[in-house]
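A.B. asks: Got a predicted model here, sequence first, then my questions.
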Amino acid sequence: MSSTPRWSPGDQVTWTYYTPQHPTRTVRPGTVVLDDDRGVVVWIAPGTEVLLPVLESGAALRRAGDEGMFTAPRVQSKQLWTGNGILMIGLPDKPYSIWLFYKDDGSLGCYYVNLETPYERTEEGVRTRDLVLDLVVLPRRDWHYKDEDELEGAERTGYFSAEEIAGIRAAGQDAERHIAEWSYPFSAGYEYFFPDPSWALPALPEHYTWDLDLTRR
């Protein structure tokens, strides 16, 4: 059990993804919606400055292909989070988080089950490692896997070991059961979430640095 105190609604935290193979990080500042025994819920607002790993050219990692995205040199970039914002929900001891994407009219577009290591609570926020494979879940509850080709590329390059790949597949099966049960957070009414208009846009903590500033594109 983490000794980090629980956050209160409106607190600003970061949601960070790391990888042992590269020093770059994905860091998203967000605002806490809820933090209790069920997990932590964080709102990532559009226009937020975030850190993302990119290729040396500034292009997205996916531009290097299913293998190159794991082996090509990468640098740290600062970018603006676009779209309509996302609600990110971390679940204690689960190998995935659940994100909600919203349409322009505020209605739910889809759920996104992001496979990742069970999150750690730090003084700054949430810390976890992305596991590449994901599931996209539509409001009518049908779903499909996403990025299976990238996971295969990660296996071919040795980014993940055979044992890790088996664990990732097992995590996906755990997520499949969760979707079938349609329990929290699917059943919690977050499809009707609307952020508090008084919340200020979170900023990146001052200790972070980056190689490329892509916020001015």
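C.D. replies: Structure's in. What do you need?
A.B. asks: and the most centrally placed residue in the chain, what is it in contact with?
C.D. replies: Among the residues of the chain, the smallest C-alpha distance to the mean C-alpha position (CA atoms, centre = their mean) belongs to residue 114, namely 6.4 Å. For residue 114, the contacting residues are 96, 97, 98, 99, 130, 134, taking CB atoms under 8 Å, 6 or more residues apart in numbering as the criterion. C-beta: built from backbone N, CA, C; applies to glycine.
A.B. asks: So which bits of the strand or helix carrying it are buried?
C.D. replies: Residue 114 is located in strand 108-116, with elements delineated by DSSP states H and E. By neighbour count, and taking 16 or more other CB atoms under 10 Å as the criterion, the buried residues in strand 108-116 are 108, 109, 111, 112, 113, 114, 115, 116.
A.B. asks: do the same with stretch 138-151
C.D. replies: By neighbour count, and taking 16+ other CB under 10 Å as the criterion, the buried residues in stretch 138-151 are 143, 146, 147, 150, 151.
A.B. asks: And the furthest pair within those?
C.D. replies: Maximum pairwise distance among the buried residues of stretch 138-151 (CB to CB): 17.8 Å, between 143 and 150.
A.B. asks: quick check: mean pLDDT across the helix or strand residue 151 falls within?
C.D. replies: Residue 151 belongs to helix 148-156 when assigned by DSSP H and E. Average pLDDT, helix 148-156: 97.
A.B. asks: And the contacts of the helix or strand just after that helix?
C.D. replies: Proceeding N to C from helix 148-156, the next assigned helix or strand is helix 162-181, under DSSP H and E. Under the criterion CB under 8 Å, 6+ apart, residues 94-96, 113, 115, 131-133, 135, 137, 141, 143, 145, 151, 154-155, 160, 186 lie in contact with helix 162-181.
A.B. asks: quick one: stretch 117-130 to chain centroid distance?
C.D. replies: Once both centres are worked out by CA atoms, centre = their mean, to the nearest Å, stretch 117-130 turns out to sit 10 Å from its chain's centre.
A.B. asks: Residue 70: which of the buried residues of stretch 138-151 is nearest?
C.D. replies: Distance to residue 70 across the buried residues of stretch 138-151 (CB to CB) is lowest for residue 150, with 8.3 Å.
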